[in-house]
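# Here is a sequence with its predicted model. Questions after.
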Amino acid sequence: MRGLVKRYGDRNVVDGLDLDVEAGTTVGLLGPNGAGKTTTLEMIQGLTTPTAGTVEVLGLAQPRDREAIARRIGVALQDTSLPEKLTAHETLALFRSFYDRGPDEASLLSDVDLERQAGTLVRALSGGERQRLALACALAGDPELVILDEPTTGLDPEARHRLWDRIEALARGGRTVLLTTHFMDEATRLCDHIVVIDRGKVIARGTTDELVRTHVGSHVVELEVLSGTLAAEALASLTGVRISRIVGRTHRLGTDHADDVLARARALAGESEATLGRVAIAPATLEDVFLVLAGRGLGDG
Amino acid sequence: MRHPLIQLLLVRLRIFQREPEALFWTFGFPLVLTLVLGIAFRPIEDEPLPVVIVEDAGDDTTSARLEADPQLELLHASHDEARRLFVRGRALALVEMQPGDAAPRVRSDPTRPESRLARARIERALVGAPSAIEDAPMREPGTRYVDFVVPGLVGMNVMTVCLWGIGWNVVEARSRKLLRRLAVTPMKRGHYLLAFLLAHVVLVLVTLAVILGFAWASFGVGSAGSALAYVVVVILGCFAFSAMGVLLASRTDNVEVLSGMVNAASLLQLVASGVFFSTARFPEWALTILRLLPLTALVDALRAIALEGRGLLELSVEITVLVGWTALAGLVGLRLFRWT
Ligand SMILES: Nc1ncnc2c1ncn2[C@@H]1O[C@H](COP(=O)(O)OP(=O)(O)OP(=O)(O)O)[C@@H](O)[C@H]1O
Ligand SMILES: [Mg+2]
């Protein structure tokens, strides 16, 4: 995608987005609510026409080659709704019929652990079961590119893990996956490459490690303050601290030299007569990246 | 302002205000219907009653007497044409001369008040004539009101099944975003709508069998013409109304707007296409327009087959109207059709 813009009213919901998804990789599109993730995916799918910019999918141009693209992609939309009065099996038979090739209904059902629900009407399925059925529909045409908009939102932990296994299997099978998620653990586990967008613009991209290293450091030092105050500015200016954030009563310091920073922070606490509670050093995660980016104005203004 | 009732009321009003289309169909439609009914039932001072006399009658005095009555509008026609005018509701009574001095025979439908009135007027006009009239009520199948109304009901059924069935389902699928989901598959978009059409042809044929079976069993309503021609016309009607259903459902994702449009389209045609009463009440200029409505074409064609035994070749006007609607509404509907 090049210079993608989508304007609703007088607002650019997607604002000059460039995005490359390399074949065979899994790419995660992250960003706060309303960042423009779903809108971006809709333009890739051909559901929405960009106000400006170009979309190229599998070497074909959207929306010109919509049908040819549709044959080779599989999609699970954010607010999926399938025909209520069909059974799971019938739903898959319908979707399978649109494609020239692909697995049969039974193997699609077993892919998403819905064998037992084969004869259940869609409207009687639980939310998570419906979501898995939607994923099975996305796979009905044995797609080269799978686009999943928040595939695991609303799933129980076990179902989420099974779905992760399933998505990883897709990636191992050489499929390209583009997904959005609000779960950092999910992005870390599944995605080779992560793109963080906000207000329609890319604000960070890279692998999880790259993002963590550039934005936070290798580790996070957590300091809980029980009494007294510890000036955030003072902490932030300690040698070795790359970023400092405060969440409730806990300071989180991103650093590449955790032990040194912890020692300096303890010393500072002693000087300021603040009592420390829980103190810990943890590997930095994508969650920290996200909070840092959020602290830099994600969502405000 | 914090009272729940006030807030709930505001919700209703805001929804109205934000769906001006729904508002239009709610307000606009009764206005249009009023206009149409007003034209059909406009007051005409002592409107003459149309009656028909069979032409080959030797005796002119009967004809002259009837002609002289300002309250009768006398039509002259051959035997077959006279009968046609009568069964199609264009003439309220039929006068046949008898050989010799025998009284003229007046055929009327005692189940229709207007027909009884026409009969009484004829009797009065002929008071003092050498011989009184001979009453011969039309009772045989093919000439009664029930024979007239059944093709109308069949047409109405085709219309409602197709308009509601397609309109409702498409709009619901759009509002539930199912159409979007289908639009990102390589599904041929035409297939989706074609499936609706074919399903409704089947549905209509099943209900047709039920309606006609019932009418035949309880009233002996049959068809003078070929059953095949009847079915072909019903299927053509199905095409036309399915296309119209696609057109009405092509853009909105609001079932209220859709209901308004379908109600408007179907009620309007119900009164204007002569389903329950002959369109003879409408002025000539209006009839020209009404003939272009798909329901008029459908019902007229079915009546021509069932009541007059006509064949498809004689129904080129009606068939052209139905095919025209299929093509026009279908093409425009497909062009406007919104998948998202
Ligand atoms: N049809 C529309 N008309 C006007 N504004 C829209 C429309 N669709 C989306 N928006 C706006 O565009 C913005 C981006 O929406 P989008 O659905 O892409 O967000 P998202 O990143 O997917 O958010 P979420 O994480 O909540 O799913 C939102 O602020 C939304 O209000
Ligand atoms: Mg979204």
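Everything's here; your move. Ligands and ions are numbered 1, 2, ... in the order given.

# tell me the contacts of residue A:284?
Contacts for residue A:284 (CB atoms under 8 Å, 6 or more residues apart in numbering or on different chains) come out as A:212, A:216, A:217, A:218, A:219, A:220, A:254. Heads up, the C-betas are built off the backbone N, CA and C, glycines and all.

# Number of residues surrounding residue B:164?
Applying the criterion other CB atoms under 10 Å in any protein chain shown, we find 17 residues in the vicinity of residue B:164.

# coming back round to it: which of the contacts of residue A:284 count as buried?
Neighbour counting with 16 or more other CB atoms under 10 Å in any protein chain shown marks A:212, A:216, A:217, A:219, A:220, A:254 as buried within the contacts of residue A:284.

# Tell me how far the helix or strand where residue B:334 lies lies from the chain's centre.
Element membership for residue B:334, per DSSP states H and E: helix B:316-336. Centroid separation between helix B:316-336 and its chain, computed with CA atoms, centre = their mean, to the nearest Å, is 18 Å.

# now swap in stretch B:17-25 and tell me
Distance, stretch centre to chain centre, for stretch B:17-25: 29 Å (CA atoms, centre = their mean).

# Show me the contacts of residue A:284 that map onto helices.
Secondary structure assignment by DSSP state H places residue A:212 of the contacts of residue A:284 in helices.

# got TSV for the contacts of residue A:284, with pLDDT and distance to chain B too?
Listed next are the contacts of residue A:284 as TSV, based on pLDDT from 0 to 100; distance: CB to the nearest CB, whole Å:
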residue	pLDDT	distance to chain B
A:212	83	34
A:216	83	37
A:217	84	41
A:218	82	41
A:219	85	43
A:220	85	40
A:254	85	40
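
# picking up where we left off before, enumerate the positions of the helix holding residue B:334 that are buried.
Judged by neighbour count using 16+ other CB under 10 Å, the buried positions of helix B:316-336 are B:318, B:319, B:321, B:322, B:325, B:326, B:329, B:330, B:333.

# and if you look at stretch A:112-123?
Those buried within stretch A:112-123 under the rule 16+ other CB under 10 Å are A:112, A:113, A:114, A:117, A:120, A:122.

# Residue A:232: what's it in contact with?
Residues in contact with residue A:232 (CB under 8 Å, 6+ apart) are A:244, A:246, A:251.

# can we see that at 10 Å?
Residue A:232 makes contact with A:244, A:245, A:246, A:251, A:253 under the criterion CB atoms under 10 Å, 6 or more residues apart in numbering or on different chains.

# what helices or strands is the helix or strand where the third one lies leaning on?
Assigned by DSSP H and E, residue A:246 falls within strand A:241-247. When contacts are defined as 3 or more CB pairs under 10 Å, 6 or more residues apart in numbering or on different chains; DSSP states H and E, strand A:241-247 sits against helix A:208-215, strand A:219-227, helix A:232-236, strand A:250-255, helix A:258-271, helix A:286-295.

# list the helices and strands the fifth one packs on?
Counting by 3+ CB pairs under 10 Å, 6+ apart, the packing neighbours recorded for helix A:258-271 are strand A:219-227, helix A:232-236, strand A:241-247, strand A:250-255, strand A:275-283.

# what's the closest non-adjacent residue to residue B:190?
Nearest residue to residue B:190 in three dimensions, chain neighbours excluded: residue B:334, at 7.6 Å (CB to CB, 6 or more residues apart in numbering or on different chains).

# Run a quick check on that neighbour versus residue B:249, I expect a contact.
No - counting by CB atoms under 10 Å, residue B:334 does not reach residue B:249; the two are 11.5 Å apart.

# Residues that sit against both of these two, list them.
With contacts taken as CB under 10 Å, 6+ apart, the residues that reach both residue B:334 and residue B:249 are residue B:193.

# quick one on the thing from earlier: same list (the buried residues of stretch A:112-123) but as CSV, adding distance to residue B:235 and pLDDT.
Below are the buried residues of stretch A:112-123 laid out as CSV (distance: CB to CB, whole Å; pLDDT from 0 to 100):
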residue, distance to residue B:235, pLDDT
A:112, 42, 87
A:113, 46, 87
A:114, 40, 91
A:117, 39, 92
A:120, 37, 93
A:122, 32, 92
